[in-house]
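**Student:** take a look and give me a structure for this.
(chains A and B)
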Number of protein chains: 2
Amino acid sequence: MNKIALITGATGFIGGVLARSLLKNGWSVALVLRDGSDTSLIQDVLTESTMHLYDGLGETLVEIMTRVKPDVVFHLASLVLVEHETADIPSLISSNIIFGTQLLDAMVKARVGNIVLASTLWQFSGKDERQAVNLYAATKQSFEVIVDYYHDAFGISAISLILADTYGVGDKRPKLINFLIRSLGSPTELSMSPGDQIVDISHVQDVANSFELAALKLYESSEAVRLSRAVCGTRLTVKQLVAAVEKNGKGKINAVFGGRPYRTREILCPAKLPELEPDWKKVDLDEGIQELIKASLQADL
Amino acid sequence: MNKIALITGATGFIGGVLARSLLKNGWSVALVLRDGSDTSLIQDVLTESTMHLYDGLGETLVEIMTRVKPDVVFHLASLVLVEHETADIPSLISSNIIFGTQLLDAMVKARVGNIVLASTLWQFSGKDERQAVNLYAATKQSFEVIVDYYHDAFGISAISLILADTYGVGDKRPKLINFLIRSLGSPTELSMSPGDQIVDISHVQDVANSFELAALKLYESSEAVRLSRAVCGTRLTVKQLVAAVEKNGKGKINAVFGGRPYRTREILCPAKLPELEPDWKKVDLDEGIQELIKASLQADL
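**Tutor:** Numbering: from 1, shown residues only, chains lettered A, B, ... in the order given. Take a look at the predicted model:
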């Protein structure tokens, strides 16, 4: 029997890669999508999965959960805002707390026991302290308290995977690594921060594998589990990342370090948090960069 | 110059007593009320305070906060649900997280620095661990993470006052102590839990005084403050509370202990948490009970 996954946030970059990866590994996949979600990037996934529309009502999630009866829920849906305006507060909390709480509630009602959820390293600024970088991260951290409650009161098994920076082919998010690759060989100045901050960057396939690994841990456990575990990739400074792209791209980037200041509450040295599986072989950053460059050249043809 | 208080939740029992108490002690009081709030119990307060309507928009709170410019915000508004249904989740999170976040955001925008907020002992079941008794308590605990963020990122000074059980004349909430007083001398059986759980019960005036005391601490501090402090009253078992009402009322209560089970996740021994001011003289429980009995007799006339 195939294991059944229910995924939220599959229209996002990581969610889409995760859905494909689970399908390839023999899982049956059900997607929970908001009405009006842009599914253009996951047309291939939709042909192999079932699709379930969330209309904002918890009762709808109870119905979906009861119908799908997943072995594991993968909760990646989130509203990410680096900075917020006053008017963003309700939608930020609705996306990052209300929806997740309704999901947990539906799991209890449908007797579904396992959930893997995406957290962010932005919840852990200040070495290993739980300091949120921005309101987005604070809402994510705030939701962890609700997860603790559902674990404690109803025996829900949950692993929060703390994601740092991620990359991979097909990523449409405005990520530094993609700007760097597009700037290879260009004379245009790329105005950057001072560049001494350390980033922790993971290939998206490693992230997807981490989600599946966490899910299997929950699936195989005879007891209720509650863990927060980091997905760690390559740690290097932004200056070193620029050098790595130049080396692999055999070209120069006209980077102006210090051309703009660090972000407010920028994490200069990310906390080192416990990993799910420390000695696991991951995609080498040089290989990952070459893969990105190759894809970028093909896109230009 | 009078100090200026902005109060949310003044239509509730504790909020109303706090508003009266602050007015008596010379504060100027501004109330933030939801459109359609029942103000029948605070008509006396309304004549001496300014009233500001919250329509759900953060922008409205920014305007109110800028106009009132309070020295201290007293945030007592909350949706309390002992048990929740699926359909309650959005309003629970909206009342207990979104509104509070908008309030903090408005404080930042209006450069208002101090807030005292009501927490609940229900966030601290399991000795001193942060285990929520129910989803209501989990949402309150979840909001504390947002408060931590606003303290850390914007220097907001905040004291969370952890309230246990409270009582006082005029309380319309369905509280055990009022049921007991109404049952004095009645032959009707009062079906109760086994009654060995410990409660921690405070007179509402002590609670109001704690809020003012916390506010003054914030007002007088030269540094940003972030504290969680318990408001402790008399600790006794429910059986002892029944005996205390019988003693002070000089009558019997036909209590059937064990006639109903303990509540789900009932706290049998509340955590002892650090107090704001440990050696403070408080209303004696016997005197408080006599006051309640007297008021109950007058109401019957």
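
**Student:** quick one: the nearest residue in space to residue A:104 that is not next to it in sequence from residue A:224, how far?
**Tutor:** Once flanking residues are discounted, residue A:104 sits nearest to residue A:150: 4.3 Å by Cβ to Cβ, 6 or more residues apart in numbering or on different chains. Quick note: C-beta positions are derived from backbone N, CA and C, even for glycine. Computed with Cβ to Cβ, to the nearest Å, the distance linking residue A:150 and residue A:224 is 10 Å.

**Student:** which of these two has more residues huddled nearby?
**Tutor:** Here residue A:150 and residue A:224 are set side by side on neighbour count (other Cβ atoms under 10 Å in any protein chain shown), and the busier one is residue A:150, at 24 against 15.

**Student:** surely that one touches residue A:109?
**Tutor:** No: with contact taken as Cβ atoms under 8 Å, residue A:150 and residue A:109 are classed as non-touching, separated by 11.7 Å.

**Student:** around chain B, pick out the residues from the stretch 1-150 of chain A.
**Tutor:** When proximity is defined by Cβ under 8 Å from any Cβ of the partner chain, the stretch 1-150 of chain A lies next to chain B at A:56-59, A:62, A:86-87, A:89-90, A:93-94, A:97-98, A:101-102, A:105-106, A:109, A:130-132, A:134-135, A:137-139, A:141-146, A:148-149.

**Student:** please read the previous query as pertaining to the stretch 201-301 of chain A.
**Tutor:** Proximity of the stretch 201-301 of chain A to chain B, by Cβ under 8 Å from any Cβ, involves residues residue A:265.

**Student:** how about the one residue in the stretch 201-301 of chain A that gets nearest to chain B, phi and psi?
**Tutor:** Nearest to chain B, among the residues of the stretch 201-301 of chain A, is residue A:265, at 6.5 Å (Cβ to the nearest Cβ). As for residue A:265, its main-chain torsions (degrees, to the nearest 10) stand at phi 60, psi 30.

**Student:** who's in contact with it?
**Tutor:** Residue A:265 makes contacts with A:125, A:133-134, B:153, as judged by Cβ atoms under 8 Å, 6 or more residues apart in numbering or on different chains.

**Student:** where do the strands sit along chain A?
**Tutor:** Per DSSP state E, chain A has strands spanning A:4-8, A:28-34, A:50-54, A:72-75, A:114-120, A:157-163, A:165-167, A:190-192, A:198-203, A:226-231, A:234-237, A:255-257. These are given in chain order.

**Student:** what's the neighbour count on the closest residue to residue A:79 other than its chain neighbours?
**Tutor:** Distances taken as Cβ to Cβ, 6+ apart put residue A:95 closest to residue A:79, at 3.6 Å, once the chain neighbours are dropped. Applying other Cβ under 10 Å, we find 19 other residues in the vicinity of residue A:95.

**Student:** can you check residue A:46 too?
**Tutor:** By the criterion of other Cβ under 10 Å, residue A:46 has 15 neighbours.

**Student:** what about the stretch 101-250 of chain A, any weak spots by pLDDT?
**Tutor:** A:126-129 (pLDDT under 70).

**Student:** the closest residue to residue A:252 other than its chain neighbours: neighbour count?
**Tutor:** The shortest distance from residue A:252 to any residue that is not its chain neighbour, by Cβ to Cβ, 6+ apart, is 6.0 Å, and that residue is residue A:246. When neighbours are defined as other Cβ under 10 Å, residue A:246 has 18 of them.

**Student:** shouldn't residue A:246 be in contact with residue A:254?
**Tutor:** No: counting by Cβ under 8 Å, residue A:254 is not a contact partner of residue A:246; they are 10.6 Å apart.

**Student:** what do the two both touch?
**Tutor:** With contacts defined as Cβ under 8 Å, 6+ apart, no residue is adjacent to both residue A:246 and residue A:254.

**Student:** now do the contacts for residue A:289.
**Tutor:** Counting by Cβ under 8 Å, 6+ apart, residue A:289 makes contact with A:177, A:181, A:244-245, A:248-249.

**Student:** redo that, cut-off 7 Å
**Tutor:** Taking Cβ atoms under 7 Å, 6 or more residues apart in numbering or on different chains as the contact definition, residue A:289 lies against A:244-245, A:248.

**Student:** okay if I get the residues you listed as CSV plus neighbour count and distance to residue B:203?
**Tutor:** Formatted as CSV, the contacts of residue A:289 follow (neighbours: other Cβ atoms under 10 Å in any protein chain shown; distance: Cβ to Cβ, whole Å):
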residue, neighbour count, distance to residue B:203
A:244, 19, 66
A:245, 25, 67
A:248, 19, 71
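
**Student:** how about those residues in CSV, adding distance to residue B:169?
**Tutor:** Putting the contacts of residue A:289 into CSV (distance: Cβ to Cβ, whole Å) gives the following:
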residue, distance to residue B:169
A:244, 72
A:245, 72
A:248, 76
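
**Student:** now do the helices in the stretch 1-150 of chain A.
**Tutor:** Counting by DSSP state H, counting those that start in this stretch, the segments of the stretch 1-150 of chain A that form helices are A:13-24, A:43-46, A:58-68, A:89-93, A:99-109, A:135-154.

**Student:** kindly reformat those as JSON lines containing distance to residue A:186.
**Tutor:** What follows is the helices of the stretch 1-150 of chain A, written out as JSON lines (distance: least, Cβ to Cβ, whole Å):
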{"stretch": "helix A:13-24", "distance to residue A:186": "25"}
{"stretch": "helix A:43-46", "distance to residue A:186": "32"}
{"stretch": "helix A:58-68", "distance to residue A:186": "47"}
{"stretch": "helix A:89-93", "distance to residue A:186": "36"}
{"stretch": "helix A:99-109", "distance to residue A:186": "41"}
{"stretch": "helix A:135-154", "distance to residue A:186": "32"}
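
**Student:** cheers, nothing more for now.
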